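*Asks:* sequence and predicted structure are below.
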Amino acid sequence: MDQTSPLVAPSPSPAVDFQQPLPSPPFLGQSVIPLVNKLQDIFAQLGSASTIDLPQVAVVGSQSSGKSSVLEALVGRDFLPRGSDICTRRPLVLQLVQTSRRPDDSAELSEWGEFLHLPGRRFTDFSTIRKEIQTETDRDLGVNKGISEKQIRLKIFSPNVLNITLVDLPGITKVPVGDQPTDIEARVRTMILSYIKHDTCIILAVSPANADLANSDALQMARIADPDGSRTIGVITKLDIMDRGTDARNFLLGNIIPLRLGYVGVVNRSQEDILVNKSIADALAFEDQFFRSRPVYHSLSDRCGIPQLAKKLNQILVQHIRAILPDLKTRINAQMITLQKELSSYGELTDSKSGQGALLLNIITRYSQGFSSIVDGKCDEMSTTELSGGARIHYIFQAIFVKSLEEVDPCDDLTDEGIRTAVQNATGPKNVLFVPEVPFQVLVRRQIARLLDPSLQCARFIYDELVKISHRCETHELQRFPVLRRRIEEVVANFLREGLAPAETMIGHLIEMEMDYINTSHPAFIGGSKAVEVALQQQRGSITSSSMKPKDLEAGSDKLPEKPSKARAILARNNTPGLATEQSVRPTIVHQEKTGSSGMPLSGSWGISSIFGGAESHANGKEHSVGRMYNEPTQAIEPKFGSIQLREPPTVLRATDAQTEQETVEIAVTRLLLKSYYDIVRKNVQDLVPKAIMHFLVNHSKRELHNVFIGKLYRENLFEEMLQEREEIAAKRKRCKEILRVLQQAAWELDIFFQSLGGP
Ligand SMILES: Nc1nc2c(ncn2[C@@H]2O[C@H](COP(=O)(O)OP(=O)(O)OP(=O)(O)O)[C@@H](O)[C@H]2O)c(=O)[nH]1
């Protein structure tokens, strides 16, 4: 009969001494290895990380029940220490690794073992593997029966094995021998459980038929780890040495202890067989003969013999493979979608001029559309974590530019003294008759000028945003063409820069316009009259609340008019402002003309015709009281005295003379006017600067970008140069296509494979 080794395929070349010729019929390798190989091929195409995780197989049972023998028979190689004097004292984790075989490889070269504790050393003679297992066990535990949970890891490389891990565990022992601890049984049980508790572990529960099967330690342990018996196969060994007249039929039928996956009875090599070096092939032949010669087992042929055990395992593995296939198919599909996307991002190659032109046009059109979309907020890849594109532009306008201008106080850099100095300077060499309009104009222009810098800065910010947006427009496809990409970057950079200049010029004009004509007729402007009125109210309020005597207050209140005309009269200047030098204060000569109790003139006008309105102020201007000039009266008053020596005027003169009440009002009025007018200008600037930037820079870029691209890039003689593809892109496209083809093939094969396994 044909002898089989269930977990390995027939060795294709003459065997070395440990190898046996292992011809076919129904053994596990025949059906599972081709399936797995097929899948491995498919996996290999999917990338090296992919692999089939087959379940682990662990043998459990009491000591000397035949665990190592079963495992060895399944693997089909003589390499495990067996025997009545030798027991498994450390878990042996045996990884079978399928290797590809080159036709010229000899069996010796194509199959070997490697220990983790002896890296790089190949054991091609399997009998030396057995010795090394024993030596390593003794090295760690000594020769005195001690048991350890420290693994021995052995890999068997062969083209004829499944990628599967088998675990040979120490047997359950009741009575401590040698230097074994008293709790040896508990320790071994815990160790065994740690392996077989995992759902991916198939348990081979080995029970010797010559012992009390109903009290099998193996079945007891398996039931703890796998209560519903979905991954436990009962293996009954030593059927050949059962008491005469007894058989394991009832057990094999599951009549004593039922098991979902059932039982398999086996006959391994006896101690005597080991001593005479009986080969696995001979052992399998003997086993076969045994079952043939026992009529009691004839009707149980599907559960008798190592090949049947292998077949059972095979079925479990196939089921496992079938269970993982849908997931594999999903992974392949997902990978195909990703690759399709990647491939389309590389685009197609074209040699014709018209094709190149269409491609170029397509790229620049998509770039321009992308630019507009991002600005308009219609971009597909809309962020939900931060503002982007047009929203950032809006933020810069409103939350940065407008808000910053809002916070500016036009008078924050103007001291009272500064205003007084400006007022006095504006009168020039003449005596001051009225508070002139000039200081207001000068001061307000100065404040308006301050709006230029933030406005230009705002334009710069928006320019930066557009540059950022342009970077986001770079399509994946553009990365194929480094020359075109560079040219597009250049064109966009120049174009945006060129768009910034007119926006800046316009902003400059806007501010200049505001400075050039102070429109005091603006309906929102407070106007002089109202300003004076408010200023007087303010002053009255402060006088009332400060040191003003009740009488003064009364007189003052009489003279402080509610009506604008009276307010104007009050503000007509009749005195010269005091000029303070660095060393002294020059006495002022004041011509007191009908002043009120507060020392203010009671007639005259503010004198700012445009602020008060032309006609009125002209009329009032004629009624102004005139203050005397400093130099005019000196001679007339004291002509008879000897010459008087004037002291030299100091180099720097400052208006630090004590501030009169009138000056206080003047300053307050100036502030009110400044604030009111500045507000008008600020609103204009807040409104017009964003408009100018949008018009000249943002919208202009959106409108014209495509045309600029066409003008600068769409030249037939440049097609070739600009559409030069990066070499790596060509390589990537090629690879992408190849993988895609392989995946499509794999998916197709998988479907057929799945059908053949009886999948849906
Ligand atoms: N006659 C006969 N002897 C067997 C059979 N199976 C195993 N033996 C013998 O029983 C002894 C123990 O076999 P092992 O395979 O080492 O048993 P084990 O369960 O791995 O032993 P431990 O690792 O020490 O727990 C050896 O002498 C085997 O030759 C069998 O089916 N029939």
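*Replies:* Sure thing, it's come through.
*Asks:* the residue in the stretch 1-150 of the chain that the ligand sits nearest to: what's it in contact with?
*Replies:* Among the residues of the stretch 1-150 of the chain, Cys87 lies closest to the ligand, at 2.6 Å counting by Cβ to the nearest ligand atom. From N, CA and C alone the C-beta is placed, and that goes for glycine too. Taking Cβ atoms under 8 Å, 6 or more residues apart in numbering as the contact definition, Cys87 lies against Gln63, Ser64, Lys145, Pro170, Gly171.
*Asks:* now for the helix or strand encompassing Gln441, which elements pack on it?
*Replies:* Element membership of Gln441 [criterion: DSSP states H and E] is helix 438-449. In terms of contact count using 3 or more Cβ pairs under 8 Å, 6 or more residues apart in numbering; DSSP states H and E, helix 438-449 is assigned the packing partners helix 416-427, helix 482-516, helix 661-693.
*Asks:* so which of these comes closest to Phe371?
*Replies:* Taking Cβ to Cβ as the criterion, Phe371 comes closest to helix 482-516 out of the helices and strands packed on helix 438-449, the separation being 8.2 Å.
*Asks:* near the ligand, which residues of this structure are found?
*Replies:* By Cβ under 6 Å from any ligand atom, the part of the chain that sits against the ligand consists of 61, 63-69, 82-84, 87-88, 171, 237-238, 240-241, 267-271, 274.
*Asks:* next, the buried residues of the helix holding Gln441.
*Replies:* Using 16 or more other Cβ atoms under 10 Å as the test for burial, helix 438-449 gives Pro439, Phe440, Gln441, Leu443, Val444, Gln447, Ile448.
*Asks:* what's the closest of these to Arg741?
*Replies:* Once Cβ to Cβ is applied, the member of these that ends up nearest Arg741 is Ile448, at 70.5 Å.
*Asks:* surely the closest one meets Asp679?
*Replies:* No. Using Cβ atoms under 8 Å, Ile448 is not in contact with Asp679, being 11.5 Å away.
*Asks:* rewinding a little: tabulate the buried residues of helix 438-449 (TSV), appending pLDDT.
*Replies:* Formatted as TSV, the buried residues of helix 438-449 follow (pLDDT from 0 to 100):
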residue	pLDDT
Pro439	75
Phe440	81
Gln441	82
Leu443	84
Val444	86
Gln447	86
Ile448	90
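*Asks:* state the pair within these that is farthest apart.
*Replies:* Pro439 and Ile448 (14.7 Å).
*Asks:* once you drop chain neighbours, what's closest to Lys737?
*Replies:* Of all residues beyond its chain neighbours, the one nearest Lys737 is Leu343 (6.5 Å), with distances taken as Cβ to Cβ, 6 or more residues apart in numbering.
*Asks:* my read is the one you found is in a strand, agree?
*Replies:* No. Leu343: not assigned to a strand; according to DSSP: H, G, I helix; E, B strand; the rest coil it is helix.
*Asks:* so it makes contact with Arg733?
*Replies:* Yes. Using Cβ under 8 Å, Leu343 is in contact with Arg733, at 6.6 Å.
*Asks:* and the helices in the stretch 451-600 of the chain?
*Replies:* 452-472, 482-516, 528-545, 550-559, 564-571 (DSSP state H, counting those that start in this stretch).
*Asks:* the ones you listed: which one's closest to Leu359?
*Replies:* Relative to Leu359, the nearest member of these by Cβ to Cβ is helix 482-516, separated by 9.6 Å.
*Asks:* mind listing what's buried in that closest one?
*Replies:* Of the residues in helix 482-516, 484-485, 487-488, 491-492, 495-496, 499-500, 503-504, 506-507, 510-511, 514-515 count as buried by neighbour count, 16+ other Cβ under 10 Å.
*Asks:* who wins for most neighbours among the contacts of Cys87?
*Replies:* Gly171 (24 neighbours; other Cβ atoms under 10 Å).
*Asks:* next one: His471 from His706, what distance?
*Replies:* For His471, the distance to His706 (Cβ to Cβ, to the nearest Å) stands at 18 Å.
*Asks:* what residues are up against the one residue in the stretch 151-300 of the chain that gets nearest to the ligand?
*Replies:* Taking Cβ to the nearest ligand atom as the measure, the stretch 151-300 of the chain has Gly171 as its residue closest to the ligand, at 2.6 Å. Residues in contact with Gly171 (Cβ under 8 Å, 6+ apart) are Gly61, Ser62, Gln63, Ser64, Ser65, Lys67, Cys87, Thr88, Val188.
*Asks:* could you dump those residues into a markdown table with pLDDT and distance to Lys197 added?
*Replies:* What follows is the contacts of Gly171, written out as a markdown table (pLDDT from 0 to 100; distance: Cβ to Cβ, whole Å):
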| residue | pLDDT | distance to Lys197 |
| --- | --- | --- |
| Gly61 | 92 | 17 |
| Ser62 | 91 | 19 |
| Gln63 | 87 | 21 |
| Ser64 | 88 | 24 |
| Ser65 | 91 | 20 |
| Lys67 | 90 | 18 |
| Cys87 | 75 | 23 |
| Thr88 | 80 | 19 |
| Val188 | 88 | 15 |
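*Asks:* among the residues you listed, name the ones in strands.
*Replies:* Secondary structure from DSSP state E places Gly61 of the contacts of Gly171 in strands.
*Asks:* burial measure for the closest residue to Pro258 other than its chain neighbours, as a count.
*Replies:* If the residues on either side of it in the chain are set aside, Pro258 comes closest to Gly229, at 7.8 Å by Cβ to Cβ, 6+ apart. The criterion is other Cβ under 10 Å. On that basis, Gly229 has 20 neighbouring residues.
*Asks:* ok, Gly229 touching Gly262?
*Replies:* No. Assessed by Cβ under 8 Å, Gly229 is found out of contact with Gly262, at 9.4 Å.
*Asks:* would you map the strands across the stretch 151-300 of the chain?
*Replies:* Taking DSSP state E, counting those that start in this stretch to define them, one finds strands in the stretch 151-300 of the chain at 152-158, 164-168, 201-208, 232-237, 263-265.
*Asks:* which one's more surrounded, His471 and His706?
*Replies:* Here His471 and His706 are set side by side on neighbour count (other Cβ under 10 Å), and the busier one is His706, at 18 against 10.
*Asks:* quick one: contacts for the closest residue to that one other than its chain neighbours?
*Replies:* If the residues on either side of it in the chain are set aside, His706 comes closest to Ser368, at 3.9 Å by Cβ to Cβ, 6+ apart. When contacts are counted by Cβ under 8 Å, 6+ apart, Ser368 is found next to Leu705, His706, Phe709.
*Asks:* any idea which element the last one lies in?
*Replies:* Using DSSP H and E, Phe709 sits in helix 700-713.
*Asks:* in that helix, what counts as buried?
*Replies:* His700, Ser701, Lys702, Leu705, His706, Val708, Phe709, Lys712, Leu713.
*Asks:* got the contact list for the second one?
*Replies:* Same thing as Ser701. If a contact means Cβ under 8 Å, 6+ apart, then Ser701 has Phe371, Val375, Leu466, Phe495, Leu496, Gly499 as its contacts.
*Asks:* try 6 Å this time
*Replies:* When contacts are counted by Cβ atoms under 6 Å, 6 or more residues apart in numbering, Ser701 is found next to Leu466, Gly499.
*Asks:* tally of neighbours for the closest residue to His522 other than its chain neighbours?
*Replies:* Using Cβ to Cβ, 6+ apart and skipping residues adjacent in sequence, the residue nearest His522 is Ile680, 5.3 Å away. Other residues near Ile680 number 19, with proximity taken as other Cβ under 10 Å.
*Asks:* with Thr338 instead?
*Replies:* Thr338 sits with 12 neighbouring residues when counted by other Cβ under 10 Å.
*Asks:* could you do the one 10 residues further on as well?
*Replies:* As a burial measure, Glu348 scores 9 neighbours (other Cβ under 10 Å).
*Asks:* for Val296, same thing?
*Replies:* Summarising burial for Val296: neighbours were counted as other Cβ under 10 Å, giving 12.
*Asks:* for Leu118, which non-adjacent residue is spatially closest?
*Replies:* When the adjacent residues along the chain are set aside, Leu118 lies closest to Glu132, with 7.3 Å between them (Cβ to Cβ, 6+ apart).
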